[in-house]
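Participant: Sequence and predicted structure, then a few things I'm wondering about:
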Amino acid sequence: MTDSVGFEPFDFRKPSGLPEAVDQRLLFWQRGLASLAPERWSQHMTTAVTMEHAARETMMMVEARRQLPDAGIGCRIDLGADALPTLIVFARPLLLALVGQVLGENLTQLPADRPLTTIEHTVSELLFEELAHAIGEAWPEQSPLDCCINGFDDKPQRSRMYPLGERVLLTRFDLNSAFGSQPVHWLSSQDQLIALLGQADDVGTPVAPPTDGPLQARAAEIPVQVIVRLGSAELHVSDLADLQVGDVILLDQKIDEPLEAHV
């Protein structure tokens with residue numbers, strides 16, 4: 001077998017990320033959301049909160065569900081004319097605390113986890129409505145994006161909004177309040193967001209037209225060697241001497257495990 005020293009392993013089980021242009025637009029959008037959401041909430045709350053874009057990762061839906069809080073509440077927010085579904089997830093104690101701020105409660109710490117009352121659920125709808133408006137206003141185009149809430153999920157860890165094998169984007173925002181910093185998650189389909197953001201106008205500094213087209217075309221023709229390890233087997237020298245055409249050698253690679261490739 002060809003020596004693989006010097007090649008960098010690539011894990012084909014890990015989903016690939018976003019195109020650079022889409023990634024920049026999404027970051028611009030989400031940072032705008034982090035700024036606008038607290039502004040809209042401040043109309044209803046007795047104390048101020050801030051929000052920061054913390055992290056974003058591409059993963060399969062089955063893995064994303066494990067990242068969501070055990071005691072959480074999700075709100076489906078549909079984006080655009082095609083009503084692309086996304087899910088905003090709060091830990092329930094955090095949502096109870098925010099609702100308490102709207103109701104004028106004097107809380108000094110996060111409340112214990114419990115189901116929301118009818119009035120608390122109504123107030124939480126108001127907060128999610130404001131969040132949906134902030135998502136639309138932060139949209140990186142001249143006109144805001146139509147966004148609307150479309151139901152709640154009290155078990156987001158079991159959500160089947162997307163197939164378990166679909167690539168999704170899980171974005172984490174840090175919500176800072178009198179109760180410290182708490183995570184808020186935004187779950188969305190990667191392919192649907194790529195399609196949606198691909199329609200948006202460019203933001204930020206205009207990029208000069210590329211001048212290295214011929215060079216890129218030549219680079220695209222350069223062959224790339226991919227070495228795939230099919231497995232291994234131990235044979236005695238005497239076994240090698242007895243090998244004949246048509247003999248079968250069993251490798252140690254299981255059929256239900258992915259192959260290791262080197263590029």
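Facilitator: Cool, the structure landed. Numbering: from 1, shown residues only.
Participant: now the helices: where do they sit in this structure?
Facilitator: Using DSSP state H, the helices of the chain run over 20-41, 61-67, 92-102, 118-137, 190-197, 213-220, 237-242.
Participant: and those, which is most packed in?
Facilitator: Greatest average neighbour count among the helices of the chain goes to helix 92-102 (a mean of 22), per mean count of other CB atoms under 10 Å. The C-beta positions use only the backbone N, C-alpha and C, and glycine is treated the same way.
Participant: Could you list every helix and strand in contact with that one?
Facilitator: strand 72-79, helix 118-137, strand 167-177 (3 or more CB pairs under 8 Å, 6 or more residues apart in numbering; DSSP states H and E).
Participant: mind checking which of those is nearest Ala91?
Facilitator: Between Ala91 and the helices and strands packed on helix 92-102, the shortest separation by CB to CB is 5.5 Å, and it involves strand 72-79.
Participant: Average pLDDT for the closest one, rounded please.
Facilitator: Mean pLDDT, strand 72-79: 98.
Participant: same deal with stretch 110-120?
Facilitator: What stretch 110-120 shows for mean pLDDT is 96.
Participant: Now do the buried residues in that stretch.
Facilitator: Buried positions in stretch 110-120, judged by neighbour count with 16 or more other CB atoms under 10 Å: Leu110, Pro111, Leu116, Glu120.
Participant: Serialize the helices and strands packed on helix 92-102 to a markdown table and add fields for distance to Ile227.
Facilitator: Below are the helices and strands packed on helix 92-102 laid out as a markdown table (distance: least, CB to CB, whole Å):
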| stretch | distance to Ile227 |
| --- | --- |
| strand 72-79 | 42 |
| helix 118-137 | 45 |
| strand 167-177 | 26 |
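Participant: of all the ones you listed, which lies closest to Gln30?
Facilitator: strand 167-177 (6.1 Å).
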